Structure formats: structure tokens, C-alpha cells
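Enquirer: Only the shape, not the letters, is given here:
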């Protein structure tokens, strides 16, 4: 049974991946002891030997609608028939940060699952159910007991599977989230669980770079002192080596050791770093770690922010794809980031996206964070799925809208901060340099008749080249009013997801002669409107971004209209044309 099977019967299954201790109660390394029936439940909040808790194991809890009670689904040997409903809000990509009503990271995907509470026999959820001295069916309910045993239920994984009766669980469409909120059960017997995609870990209140510390100077220090004693913190609160800030001075240290009277001692390597001034400091002055990324690649910084500060597993990052994208399109972009005070990872990543011209999103299908540079269609992209008005779109669902509020005729890119300890980097006054890239023709009375200015505060770059590259890409794509298409597809096309490129041919999109266009679109939003049946999409026209062609090596041969590919760049004539009259490639900034 698949998306193309006639008579398919849709099904939804929700999975909670519950952390579970790998130890067995009272058996080494677990040292806990209790009378028979008093064992833990192998969860952290019920653990009786916290020092030896091993949370490396998990328990898969599968929930489905009541009609699954007697249906066979391969890979799902036990489905709890208490699922009432599932509703989702999809991710939304914010291309070039041109949507002023959305952050640079766009909209986070979220899901709400509603469950019916019921008596629970504790089978599968209680490893020691056979030794209990009571009947679990006579105590509490399934959800009240699960909540009591899983106090640390937030940020654990929840997956939504959407497929068909007769289809194996592993073949169904899987979307991954982390639990953020649980309410109920109320007197109506309902439990509501809300979850967001994995990028929610970078939200303002959850992840900060650098982390806030409580350390303070143990005594007055001079401007030349090379040992700094700190109290009120442990060595583990700080990086083993790095930078700290005391008042306005940034100090590089090489190590931390234990000192007398409960202090930790920083061994100083450099005083007055990053254009700050070495100075004397008073006792009890705050000692705050400084986040520094000095001349590192974009991919390196993004991965470190997600893993070191947001706590995301590296396995959730599309490292191979990100590295490939970075090498081909982002390699000249070097990050110089100095964060003196704790700043949300969310804001840092949003700023980096805008300054270096890339997109980042959570791919629910592959359960990975992905990156794509703001660029045209290239040979590294998968061949686009071709959609047309004859066989693709659900009738009456297709429309194209202009987005005039996202037009950009000028980019003002401020870069190269005056310094990192006094300057306000959220205002023009904080920067030494300003690059203005403008398409003045588009502002003329015979075109749009007005300016549309986008300002970028490049706190993470000192490169005029980076500013020019990003600004030219944005203006090149958005000098004309961008277009958005919305449409619905049958589940047979559900393989299309966020970040994919599709081509569209539709009678509502024609050229000046009335001929249907064939244009390229980047999918920015995808939602299963009717699970297993109808998928709603939103896409943005990227045809104007063109083709990224590879300059041919010496001796590669001349252009041949019948054999040369669109990704091969050849030198054209004085008018910029190839031998068959088509436009040749051009080198963009």
C-alpha cells in the first residue's frame, strides 16, 4: 500500500521516544535497593541511584486511532489506540530575510496531538510490572501515571507517521519534533501534547552564546596581572581555554586551575584583546566568558552554535550537505564574531543568515537541519519535479500572488565594527564601513517609482567582498516584485518538501504573448492538509536567480547547442550571445 494505490486508507501514528535507563534495578552498576514492588520505573525522575543513571536507552511508545486496534502494521507490534487528533503548523523559510514579519530563521514547525486517557495495565511502560504488589488497572490512569514517572518529558522526541493501512511503519512519511508542552488530563479525559521542530532549541530563552556565568574576582587586580582568581563559579562553568570579559576589557586565557579558598585561577595569555584596554579591576567584578569565532567558516560556526550551545546532536545536522554547500558557494565567507554578553543563538543564526546570504531550516522528512545558499539553480541540485496544470495540481487550488512588500532596490550593508566592547552593533554608528548596492533604474518613474531599502548590520564580517556578494544577490533577485505560488497536490507527490526546487507550467502564468511559462520555484512551506491525501504547498519564484554554471576547463571544446548542458559556461560574443543566439553565462559578484 503506497500513495499511488487505489483505495488507500490513510493512517496516522504518533511516537513518543521516551528516554529509559539502560540499567536493571539493584544489579550492578545500579546500587539502589528496595523491597519487592518498590523498584523504579527506569526513568530519570524515578531513579533511586542518580549517580549511576544511564539514559542511553529509549522506549518507543506508539499511539494510533481506535480503528487500529485490530489492524496489522509492520514495524508497529503494539499501538495504543488512544490518539484523538493531530494538527500541524508547517515550517516556513524566510528567503533572504525579506519577510519583515518573520525572523531570519522563518517559522518553526509545530504539532499538537490530542490523546484520550484510559486505564493502564503498565505493560511495556513498567519493566518490573510483574513484581508490583498492586493491580495497575486499579491505580491512576495511563496518562496520569506516565506524567508522574516522566517529570523530564520536555525536549524528548515525538514523531508523527503518516501512511496507509498495509504500509510498513518504516515506509511511512515521518516528521520529527521535540515536546514543548503537555496539558491535561482534564475532567474531559483529554491530554494535549505540543511539540516543535528541532530548531526550537535555539529560541531566545533556551540557548545563549556565550553562557552566563556567576564568577566574580576574588581580589583587586592590576592591569598587568597574569593570574586572575575567581570565586562563585566552577572551572566547568567556563571553556577550558578562551576569552573572558572584566568590565570593558577582553582577556584571553590559556587554562583554568583550582586555587585556594575555593577559587578558580585563570592563567592569562593576552590582556586587552580585540582592541580593548588592559585595566585594573575591583574585587567582586563580574567575570563573563566571551563568545569568539575568529576567522572561521560559516559551516563550522553554525555547527558549533547548534551542538555546543543549543545542545543539538550532531546527527541532526546535514553535515555532508552543509559542507558541500559551503565549499562551493560560501567558502569566501569568513565569520568574525565576538559576543561580549549572552545573546540568543536564535538571533546569532538569524543575523548570520542575513549577512552571508544562506537559508537554514529543519527538514521534517529527513530529520536534519539543512543549509542552502541564496543562489540560482545548479548542477548539485536534484532534477526538479515538473508540475503542470494538466496532471499535477488539485483543481481550483493554484494561484500566484505578488509580494510587493518584499521588493528590494537597495541594500545598505554596514560592516567592520569600530570595536567589540563599546560600539552599538545594531545601529549604523557601530560600523566603520558602509556598502550601498542599488538598482537605480528600478526606482525610476517608468518602473516602480520608489526606493525599497534593506539595511544589514554585518556584525560578523569585516569583508567588503562578503557585503558586495550578499547585497548583489539580494538586489538581483528582489529588484522586481517577487512572486509566491500556493497550490495543493495529491499525496502521490508528497515527496516534494521544503527546500526543494520544482518547475511549474500553468495557464495562469504566461509571457507577454500568452505562452505558458516554465519557471523554477523553491518550496518554502509544505503541510499535510488532509493527512495521507492532500498536501498544501507555498513556493517562491527563483527563476530570476538564474543558473549557476561552471566555467569550463582549458581545452574543453566549443559550445554546441545540441550537447552542451545548461551548467556549462562558455564565452559569448560582444553582444553576450552564444552561436545559437541564446544568452551566455555571466559572472556575478
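Expert: Yes, it's here. What you are looking at is a predicted structure, and each value in this text was computed from that prediction instead of being measured.

Enquirer: Backbone dihedrals for residue 171, both of them.
Expert: phi -100, psi -10 (degrees, to the nearest 10).

Enquirer: tell me, how many neighbours does it end up with?
Expert: By other C-beta atoms under 10 Å, 14 other residues sit near residue 171. Backbone N, C-alpha and C define where each C-beta goes, glycine included.

Enquirer: just to confirm, which helix or strand has the residue nearest to it when sequence neighbours are not counted in it?
Expert: In space, not counting the residues next to it along the chain, residue 171 is nearest to residue 163; the distance is 6.7 Å by C-beta to C-beta, 6 or more residues apart in numbering. Assigned by DSSP states H and E, residue 163 belongs to strand 157-164.

Enquirer: can you check residue 145 too?
Expert: Going by DSSP H and E, residue 145 is part of helix 142-149.

Enquirer: in its sheet, what does the strand holding residue 163 sit against?
Expert: Sheet pairing here is set by DSSP bridges, and for strand 157-164 it gives strand 10-20 (antiparallel), strand 173-183 (antiparallel).

Enquirer: and of the ones you listed, who's closest to residue 548?
Expert: With C-beta to C-beta as the criterion, residue 548 lies closest to strand 173-183 of the strands paired with strand 157-164, at 30.5 Å.

Enquirer: tell me which residues of that closest one are tucked away?
Expert: For strand 173-183, the neighbour count (16 or more other C-beta atoms under 10 Å) marks 173-180, 182 as buried.

Enquirer: likewise stretch 446-456?
Expert: Buried residues in stretch 446-456, defined by neighbour count with 16+ other C-beta under 10 Å: 448, 452, 454, 456.

Enquirer: got those residues as TSV, with distance to residue 522, secondary structure and pLDDT columns?
Expert: What follows is these, written out as TSV (distance: C-beta to C-beta, whole Å; DSSP: H, G, I helix; E, B strand; the rest coil; pLDDT from 0 to 100):
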residue	distance to residue 522	secondary structure	pLDDT
448	23	coil	94
452	21	coil	95
454	19	strand	94
456	21	strand	94
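
Enquirer: ok, the residues you listed vs residue 349, which is closest?
Expert: Ranked by distance to residue 349 (C-beta to C-beta), the buried residues of stretch 446-456 are led by residue 456 at 14.9 Å.

Enquirer: Who are the contact partners of the nearest residue to the closest one once chain neighbours are set aside?
Expert: Once flanking residues are discounted, residue 456 sits nearest to residue 413: 4.7 Å by C-beta to C-beta, 6+ apart. Residues counted as contacts of residue 413 (C-beta atoms under 8 Å, 6 or more residues apart in numbering) are 355, 434-437, 456, 458, 467-468, 470-471.

Enquirer: The nearest residue to residue 490 once chain neighbours are set aside: how many residues sit nearby?
Expert: In this structure, residue 490 finds its nearest non-sequential neighbour in residue 394, 6.5 Å apart by C-beta to C-beta, 6+ apart. Using other C-beta under 10 Å, residue 394 is surrounded by 15 other residues.

Enquirer: How about the contacts made by residue 394?
Expert: The neighbours of residue 394, taking C-beta under 8 Å, 6+ apart as the test, are 487-490, 534.

Enquirer: That one and residue 508, how far apart?
Expert: To residue 508, residue 394 is 14 Å away according to C-beta to C-beta, to the nearest Å.

Enquirer: do residue 420 as well
Expert: Residue 420 is 51 Å from residue 508, where distance means C-beta to C-beta.
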